[in-house]
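Asks: One predicted model, sequence on top.
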Amino acid sequence: MQMKQRREKIKRSVLGVIFGIILLLALLAFFAASWYIRVFGVTGFDSILFTLMGGVGGTGGDLMQSFVVEALVPSVLLAVVIPTVLFILPKRKLVAYLGKKFRLCIYPLPKLLSILICLVLSVCLISSGAQSARLPEYLELMKQKSSLFEEYYVDPAATTIVFPENKQNLIYIFLESMEVSFVSTELGGGNDINAIPELYQLAKDHVNFSDNSGVGGFFSHSGSTWTIAAMVSQTSGVPLKVPIGVDGNSYGKSSSFLPGITNLTDVLHDAGYYQTLMVGSDANFGGRKQYYEQHGIDKIYDLLSARQEGVVPEDYKVWWGMEDAKLFEWAKQELLTISQQEAPFAFTMLTVDTHHIDGYVCEYCRNDYAEQYENVLACSSRQVANFVTWIQQQDFYENTTIVICGDHPTMDASYVSSNLTENYQRNLYNCFINAKATPVQEKNRICATIDMFPTTLAAIGCEIAGNRLGLGTNLFSGEKTLSEQMSLSNFNYELSKPSRYYERNFYVPKNK
């Protein structure tokens, strides 16, 4: 009898462990998806897939802490408690009496019922997590194929691009999460207040491609809604599609990152430009270092090199690495150095203080608004404007074009839902300063992230045969963008589909 009880106890313990593991995975799927949507907003399953493939090394400490507290800890606790209660705890009977003759054993549950509860719960959790992450929508798209690239892609390597005799320097500033939405509704934005007055004024005073008659912006499409995807889209004219099992390209875990693409830095490299990239975090995060190194960049400045060069102490780390105030000062030093070279230069930098959640409050932030995020946005606006003013005071400015663009819509879902006007079309900030081209139609345009590639080359005085590169259109020209030709929704839908052309031509080097 005791042997039978012991065997039964062992069986239930084994079942408890097995279903504990199953439940842990299901609970993680549920809580992680809920956490991701709550923190990042609905960015599409492709961005989630990229995060899973690329890893989370280099992310901000607050984000990791938030994930552990809100997703990992409850998943582990429930994965331990539920199987323990159902399979492992000593069985002390709890009986409910229904009249004089009937009684019902409430606990312990029969073994088969415990198994059924775990399985049903696991299926429900996984299904709910998948729905939140839009996995079914993603899988449905994966069954289709788009002919968009076959019909519209223009290979920059096979396109005539003529540079001016005196080549123009380029300073390209990616502003983390910078939307036109942060401008007040009275000025064409979606907010109650204008949190970025200096950036608004810069856009008003210079070239700003807009979806309305005033200061506006461009649309962030599928495959451009997170930082590296935005950088790829703005510099190559194509979205970032995450490969699954294609030549081991794991986007940031290997040295191969869209080797078949010809992008902005490739074009500038072939034209003799000296090119640098400056970020305040670890450049390895998201594959940024791999992407830029593989496409003609000469030097990368990041948190690691800042420590090595004594820009910050060896153990320095705030937010995602180093705050923008230090980044802009470092940028000034390096621009003074590289501007002394004979070759024209292209300097790209990425800010970070306005990253969610709530942004980073630096020593220059003021407390002008009720929301911390708005105070950080306002501080970023002032810092960028001051940086532009400094550039304009330098000898090299006369031969330099400044391009300022938001990388992707903010992922601060809580701020967006609480502060931005409902149904407002969120668009990204852009400003072209000292451009060497005059726009045919600057306002009331429907343009997208991919259009920045040919538009940037036109801004530094290049003539592009056909005024199109990649899937992008030169906005200085009178050519219609693909989003204008097809409508935003149709264009975005086609971009979301898999593409055989993309897989065959961009995942492998051109010489293969």
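Replies: Alright, I've got the coordinates.
Asks: Wait, Thr227 touches Val352, no?
Replies: No - applying CB atoms under 8 Å as the test, Thr227 and Val352 come out as separate, 9.1 Å apart. C-beta: built from backbone N, CA, C; applies to glycine.
Asks: Could you tell me which residues touch both of these two?
Replies: The contact sets of Thr227 and Val352 overlap at Glu176 (CB atoms under 8 Å, 6 or more residues apart in numbering).
Asks: Which parts of the stretch 151-300 of the chain are helices?
Replies: Assigned by DSSP state H, counting those that start in this stretch, the stretch 151-300 of the chain shows helices spanning 197-205, 227-236, 264-270, 288-293.
Asks: Could you verify that Thr402 is part of a helix?
Replies: Careful, residue 402 is Ile; it's not Thr. No - applying DSSP: H, G, I helix; E, B strand; the rest coil, one finds Ile402 to be strand, outside a helix.
Asks: what's around it, how many residues?
Replies: Residues lying near Ile402 (other CB atoms under 10 Å) number 24.
Asks: List the contacts of it.
Replies: With CB under 8 Å, 6+ apart, Ile402 has these contacts: 171, 173, 388, 391, 431-434.
Asks: and Leu258, how far is that from Glu503?
Replies: Using CB to CB, to the nearest Å, we find Leu258 at a distance of 11 Å from Glu503.
Asks: nope, Ser483 is what I was after
Replies: 23 Å.
Asks: Who has more neighbours out of the two?
Replies: Neighbour count, other CB under 10 Å: between Ser483 and Glu503, Ser483 has more, with 24 against 18.
Asks: ok, now which ones touch that one?
Replies: Each residue near Ser483 by CB under 8 Å, 6+ apart is listed here: 219, 221, 446-448, 491-492.
Asks: any idea which element it lies in?
Replies: helix 482-486 (DSSP states H and E).
Asks: Just the buried positions in that helix, please.
Replies: Buried residues in helix 482-486, counted by 16 or more other CB atoms under 10 Å: 482-484, 486.
Asks: Closest one to Ser414 out of these, please.
Replies: Ser483 (29.0 Å; CB to CB).
Asks: so how many other residues sit close to the residue lying closest to Ser177 once chain neighbours are set aside?
Replies: Once flanking residues are discounted, Ser177 sits nearest to Thr410: 3.8 Å by CB to CB, 6 or more residues apart in numbering. When neighbours are counted by other CB under 10 Å, Thr410 registers 26.
Asks: need the helices of the stretch 151-300 of the chain in a markdown table with mean pLDDT, distance to Lys317 and mean neighbour count, can you?
Replies: Output for those, formatted as a markdown table (pLDDT from 0 to 100; distance: least, CB to CB, whole Å; neighbours: other CB atoms under 10 Å):
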| stretch | mean pLDDT | distance to Lys317 | mean neighbour count |
| --- | --- | --- | --- |
| helix 197-205 | 97 | 27 | 19 |
| helix 227-236 | 95 | 18 | 27 |
| helix 264-270 | 97 | 28 | 22 |
| helix 288-293 | 92 | 18 | 22 |
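Asks: out of these, nearest to Gly466?
Replies: Of all the helices of the stretch 151-300 of the chain, helix 264-270 comes closest under CB to CB, at 14.8 Å.
Asks: Quick one: list the elements packing against the closest one.
Replies: Helix 264-270 sits against helix 227-236, strand 274-279, helix 452-459, with contacts defined as 3 or more CB pairs under 8 Å, 6 or more residues apart in numbering; DSSP states H and E.
Asks: For Asp211, which of those is the nearest?
Replies: Evaluated over the helices and strands packed on helix 264-270, closeness to Asp211 peaks at helix 452-459, with 14.5 Å, by CB to CB.
Asks: if we can go back for a sec, what's the angle from the helix or strand just after the helix holding Ser483 to helix 227-236?
Replies: Per DSSP H and E, the first helix or strand lying C-terminal to helix 482-486 is helix 488-496. Here helix 488-496 runs at an angle of 100 degrees relative to helix 227-236 (axes from the mean of the first three to the mean of the last three CA atoms, to 10 degrees).
Asks: and the contacts of Ser483, which two are the farthest apart?
Replies: Cys447 and Asn492, at 12.9 Å, using CB to CB across the contacts of Ser483.
Asks: Of those two, which one has the most company?
Replies: Under the criterion of other CB under 10 Å, the comparison of Cys447 against Asn492 puts Cys447 first, with 27 against 19.
Asks: thinking the more buried one is in contact with His221, fair?
Replies: No - in this structure, Cys447 is not within contact of His221 by CB under 8 Å, at 10.4 Å.
Asks: right, and Phe347 touches Ala331 too?
Replies: Yes - with contact defined as CB under 8 Å, Phe347 reaches Ala331; the gap is 7.4 Å.
Asks: what sits in contact with each of the two?
Replies: Shared contacts of Phe347 and Ala331, defined by CB under 8 Å, 6+ apart, are found at Met278.
Asks: now Leu24: how far from Ile261?
Replies: Counting by CB to CB, the gap from Leu24 to Ile261 is 39 Å.
Asks: between the two, who's got more neighbours?
Replies: Neighbours per residue (other CB under 10 Å) separate Leu24 from Ile261, with Ile261 holding more: 24 against 19.
Asks: The helices and strands packed on helix 264-270: which one's closest to Tyr200?
Replies: helix 452-459 (19.5 Å).
Asks: average model confidence for the closest one?
Replies: Average pLDDT, helix 452-459: 98.
Asks: Give me the helices and strands touching it, please.
Replies: Counting by 3+ CB pairs under 8 Å, 6+ apart, helix 452-459 packs on strand 169-175, helix 227-236, helix 264-270, strand 400-406, strand 430-433, strand 463-464, strand 468-469, strand 472-473.
Asks: Nearest to Glu314, out of these?
Replies: Of all the helices and strands packed on helix 452-459, helix 227-236 sits nearest to Glu314, with 25.8 Å by CB to CB.
Asks: Dump the closest one to PDB, restricted to CA.
Replies: What follows is helix 227-236, C-alpha atoms only, in PDB (Å, rounded to 0.1, in the frame of the first residue of the first chain):
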ATOM      1  CA  THR A 227      15.300  52.200 -34.200                       C
ATOM      2  CA  ILE A 228      17.500  50.000 -36.400                       C
ATOM      3  CA  ALA A 229      14.600  49.400 -38.700                       C
ATOM      4  CA  ALA A 230      14.100  53.100 -39.100                       C
ATOM      5  CA  MET A 231      17.800  53.600 -39.700                       C
ATOM      6  CA  VAL A 232      17.800  50.900 -42.400                       C
ATOM      7  CA  SER A 233      14.600  52.300 -44.000                       C
ATOM      8  CA  GLN A 234      15.800  56.000 -44.100                       C
ATOM      9  CA  THR A 235      19.200  55.000 -45.500                       C
ATOM     10  CA  SER A 236      18.300  52.300 -48.000                       C
END
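Asks: which other helices and strands contact that helix?
Replies: If you count contacts as 3+ CB pairs under 8 Å, 6+ apart, helix 227-236 packs onto helix 45-54, strand 169-175, helix 264-270, helix 288-293, helix 452-459.
Asks: Need the residues that contact the third one.
Replies: Contacting residues not belonging to helix 264-270 are listed as 156-157, 161, 170, 234-236, 275, 292, 295-297, 346, 453, 456-457 [CB under 8 Å, 6+ apart].
Asks: if you set the cut-off to 7 Å instead, what comes out?
Replies: 156, 161, 235, 275, 292, 295-297, 346, 453, 456-457 (CB atoms under 7 Å, 6 or more residues apart in numbering).
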